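> Got a predicted structure plus its sequence, pasted below:
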Amino acid sequence: MLRWLATLILALLFALNALLPSTDIGRRGNEAQARAEVPGSSARVGSRLPDIELQDLRGNPVRLADFRGARTVLTFERSVDW
Amino acid sequence: MSRERSYSILCWVSALPLLAMGAGLFIGFFRYHAPGSEGLPFPLGSWGHYFAAFAGCALIAWGISLVGAARRPATGRSVGTATAVGLALAGTYRMLAWVVGDYVLVGDVLRLEAAIMIGLSLAFVWLRPVHPARNEAS
């Protein structure tokens, strides 16, 4: 009896796993949703980036517009060591 | 092929990756703290490596239990039950990880892993040897 119950549960899990891509629940986790809801996050491939202002390692303000006309590589990383 | 023989092979097949992965996680902690070394190839940080090493210890213990069950299937039934539960849980959280979208870089690998783990769990449910007392009764 327990063996069949376990089989039923596992079969349901297997089916859910197979059907996941065809549902609309994918890619909507906490961080993914938070990223999508950042105000002003209008950047799209092929469109112009908004003129954001951040601080460099010395605390000086740096605007994206300062690099206009020059080839610029932007990388975004989060600190994992604290 | 007898059920015990199949169960034994299943235990071996499951134990070897667990032992290898456990050793990798455990060694990764020491590599992370060795001068000039980077540790595991994931951005885990100090605490991440700390808990990964603990997970490695648990995987090694799990693997050794499976090796014991592979050598003596009749007395290693409960290892099969525990492994089936562990694999089902591991598959379930991988499905959630796929849904969350924070692990999008690895794409459908998460779902593939979940399918393999749930499949192995099912195999452990069905290949687990019959209890010796019941075997004698029948």
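Okay, I see it. These numbers come from a predicted model, not from an experiment.
> can you count the residues close to B:Tyr50?
13 (other CB atoms under 10 Å in any protein chain shown). Yep, even glycine has a C-beta here, placed from its N, CA and C like the rest.
> my guess is it meets B:Phe29, correct?
Yes - B:Tyr50 sits in contact with B:Phe29 when judged by CB atoms under 8 Å, with a separation of 6.8 Å.
> So B:Ala74: helix, strand or coil?
helix (DSSP: H, G, I helix; E, B strand; the rest coil).
> show me the residues around the closest residue to it other than its chain neighbours that make contact.
Counting by CB to CB, 6 or more residues apart in numbering or on different chains, B:Pro129 is the residue found nearest to B:Ala74 once chain neighbours are left out, at 5.4 Å. Neighbour list for B:Pro129: B:Arg3, B:Glu4, B:Tyr7, B:Pro73, B:Ala74, B:Gly76, B:Arg77, B:Gly80 [criterion: CB atoms under 8 Å, 6 or more residues apart in numbering or on different chains].
> Just the mean pLDDT for the helix or strand encompassing the last one, thanks.
Assigned by DSSP states H and E, B:Gly80 belongs to helix B:77-100. Averaging pLDDT along helix B:77-100 gives 93.
> Same question for stretch B:7-21.
95.
> and the residue nearest to B:Ala74, which of the three is it?
Applying three-state DSSP: B:Pro129 is coil.
> Same question for A:Pro50.
Three-state assignment for A:Pro50 (three-state DSSP): coil.
> residues near it, how many?
10.
> From A:Arg63, how far off is it?
11 Å (CB to CB, to the nearest Å).
> Ignoring the adjacent residues along the chain, who's closest to B:Arg5?
B:Arg5 sits nearest to B:Pro73 (CB to CB, 6+ apart), 7.9 Å away.
> quick one on the thing from earlier: which parts of the helix holding B:Gly80 are buried?
By 16 or more other CB atoms under 10 Å in any protein chain shown, the buried positions in helix B:77-100 come out as B:77, B:79-80, B:83-84, B:86-88, B:90-92, B:94-95, B:97-100.
> Just the buried residues of the lengthiest helix in chain A, please?
Criterion DSSP state H: the longest helix present in chain A is helix A:2-19. Within helix A:2-19, the residues scored as buried using 16+ other CB under 10 Å are A:Ala6, A:Ile9, A:Leu10, A:Leu13, A:Phe14, A:Asn17.
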